[in-house]
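In: need a structure here:
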Amino acid sequence: MNQLVAIDNAEVLHPDEMVNVYIRRTPLRQQREHIEVPAGLSIDEIIACCGIEPARLHISISGHVIEQRKWARVRVKPGVSVVIVKVPGKGALRVVAGLIVAIFAAVAAPWIAGTLLGLTGGTTAASVATGLIGAGISLGGSLTVGSLSGHEQVLYAIDSGIGALDGSAA
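Out: Numbering: from 1, shown residues only. Predicted coordinates:
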């Protein structure tokens, strides 16, 4: 009744066998965390052990990229390394480009007000001109970044009681 059955591809893992997991929680830093987890866990279980949200991760085992749809089925053997890297979310490039535009506006506005318009620093006119030029650069840069990122621009207008473009009442 109770017969011993031979399984060709089975592997017995000892409880003390571990897997090295290296985590980069942010792609903007080279800092990595090192965690050891028991061998034989699936990728999903390793992610849970590390306390990471599974969205937007890049995972490789000994240099081989593992697709997210396979995370529940792939079990890690002892002696290999798992690398988990958090991937930037949607809109990250847009945020960086917006920051660059803001820095450019802060640097260029005083130069434009002083050099091109001939306004001297410290005067009210120079301060107002610098603010307006900076706002213009920021607005133009924001619209440019938005149009290049592929997001639809929504422009709002004050409701004038006219509903159609041809001027007819709504």
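In: top helix in this structure by residue count?
Out: helix 124-148 (DSSP state H).
In: which strands and helices sit next to it?
Out: helix 92-111 (3 or more Cβ pairs under 8 Å, 6 or more residues apart in numbering; DSSP states H and E). C-beta here means a position set from N, CA and C on the backbone, and glycine is covered the same way.
In: Next, the angle helix 124-148 makes with the helix it packs on.
Out: Orientation check (axes from the mean of the first three to the mean of the last three Cα atoms, to 10 degrees): helix 92-111 against helix 124-148 gives 160 degrees.
In: Just the CA coordinates for helix 92-111, please, in CSV.
Out: This file holds the C-alpha atoms of helix 92-111, laid out as CSV (Å, rounded to 0.1, in the frame of the first residue of the first chain):
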residue,chain,number,x,y,z
ALA,A,92,8.8,60.0,-13.4
LEU,A,93,10.4,61.4,-16.5
ARG,A,94,7.8,64.2,-16.7
VAL,A,95,8.5,65.2,-13.1
VAL,A,96,12.3,65.3,-13.7
ALA,A,97,11.7,67.4,-16.9
GLY,A,98,9.4,69.7,-14.9
LEU,A,99,12.1,70.2,-12.3
ILE,A,100,14.7,71.0,-15.0
VAL,A,101,12.3,73.6,-16.4
ALA,A,102,11.8,75.2,-13.0
ILE,A,103,15.5,75.4,-12.3
PHE,A,104,16.1,76.9,-15.8
ALA,A,105,13.4,79.5,-15.2
ALA,A,106,15.0,80.4,-11.8
VAL,A,107,18.4,80.9,-13.4
ALA,A,108,17.4,82.4,-16.7
ALA,A,109,14.8,84.9,-15.6
PRO,A,110,17.1,87.3,-13.7
TRP,A,111,19.6,87.1,-16.5
